[in-house]
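Trainee: Just the structure for this:
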Amino acid sequence: MSDHASVHPKLELTDSQWRAKLTPAEYRVLRQAGTEPAFVGEYTDTKTEGVYRCRACNAELFRSDSKFESHCGWPSFFTPLAGDAVIERVDDSLGMRRVEVLCANCGSHLGHVFSGEGYPTPTDQRYCINSISLVLVPKAA
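Mentor: Residues are numbered from 1 along each chain as shown. Got it, this is the predicted structure:
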C-alpha cells in the first residue's frame with residue numbers, strides 16, 4: 001500500500017467542471033468519497049468479460065478476470081489492472097481504519113481495499129469498488 005498524503009492526478013478539473021461532467025450520484029461517490037448502497041450497483045453480479053474503466057476519466061482500472069464473488073454487495077477485484085492504475089491511502093473516517101482506493105489518473109474515489117479476509121484469491125486482497133465509479137468496456141468478440 002502506498003500511503004499518499006495527497007493525490008496528484010494527471011487529470012485535474014475544477015469542482016464546477018466535475019459537477020458538470022458527472023451526475024449528482026456519480027459526483028457524490030467519485031468526488032466526495034460516498035458509497036452507493038450494497039447490492040444495487042450495475043456491476044455487482046456482472047460476469048461480462050472486459051475492462052473496467054474509471055467513470056470520471058475513462059482510465060483502465062481492473063480486468064474482469066480479477067473480479068470475484070465476495071458477496072459483499074459491491075464489485076470485488078483481487079488486483080488492479082496495473083500497479084499504478086490506482087492509489088491507495090489510509091482512510092480513518094467513520095471511526096475505523098480502512099484503505100481508500102482512488103483512480104491514479106483523476107483522483108476519484110473508487111472504494112476501499114481489504115486484506116487478510118481469507119478470500120481464495122492470489123493476492124488475499126479485496127478491492128471493494130462502487131459500481132457507479134466504473135464503466136465496463138466488454139471484450140471484443
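Trainee: Please report how far residue 54 lies from residue 115.
Mentor: 23 Å (CB to CB, to the nearest Å). Where C-beta positions appear, they are placed from N, C-alpha and C, glycine not excepted.
Trainee: Tell me which of the two has more neighbours.
Mentor: Counted by other CB atoms under 10 Å, residue 54 and residue 115 do not tie: residue 54 has more neighbours, with 25 against 11.
Trainee: which residues does the spatially most central residue of the chain contact?
Mentor: Geometric centre of the chain, nearest residue: residue 110, 2.9 Å, by CA atoms, centre = their mean. Contact analysis of residue 110 by CB atoms under 8 Å, 6 or more residues apart in numbering lists 30, 54, 61, 86, 101, 102, 103, 127, 129, 130, 133, 134.
Trainee: Among these, which one lies nearest to residue 21?
Mentor: Of all those, residue 21 sits closest to residue 30, with 9.6 Å by CB to CB.
Trainee: I'd say the closest one and residue 133 touch.
Mentor: Yes: under the criterion of CB atoms under 8 Å, residue 30 makes contact with residue 133 at 5.7 Å.
Trainee: Please tell me the pLDDT value assigned to residue 111.
Mentor: Note for residue 111: predicted pLDDT of 97.
Trainee: That one: helix or strand, and which one exactly?
Mentor: Assigned by DSSP states H and E, residue 111 belongs to strand 109-115.
Trainee: What residues sit buried inside that strand?
Mentor: 109, 110, 111, 112, 113, 114 (16 or more other CB atoms under 10 Å).
Trainee: Just to be sure, residue 136 is in a strand?
Mentor: Yes: residue state for residue 136 (DSSP: H, G, I helix; E, B strand; the rest coil) corresponds to a strand.
Trainee: Identify the residues contacting it.
Mentor: By CB under 8 Å, 6+ apart, the contact set of residue 136 is 43, 46, 48, 50, 51, 52, 53, 64.
Trainee: Need the three-state assignment for the second one.
Mentor: Going by three-state DSSP, the secondary structure assigned to residue 46 is coil.
Trainee: Could you check how many residues crowd around it?
Mentor: Neighbour tally, residue 46, other CB under 10 Å: 17.
Trainee: in the sheet, who's paired with the nearest residue to it once chain neighbours are set aside?
Mentor: Using CB to CB, 6 or more residues apart in numbering and skipping the chain neighbours, the partner closest in space to residue 46 is residue 136 (6.5 Å). In this entry, residue 136 is beta-bridged to residue 52, by DSSP bridges.
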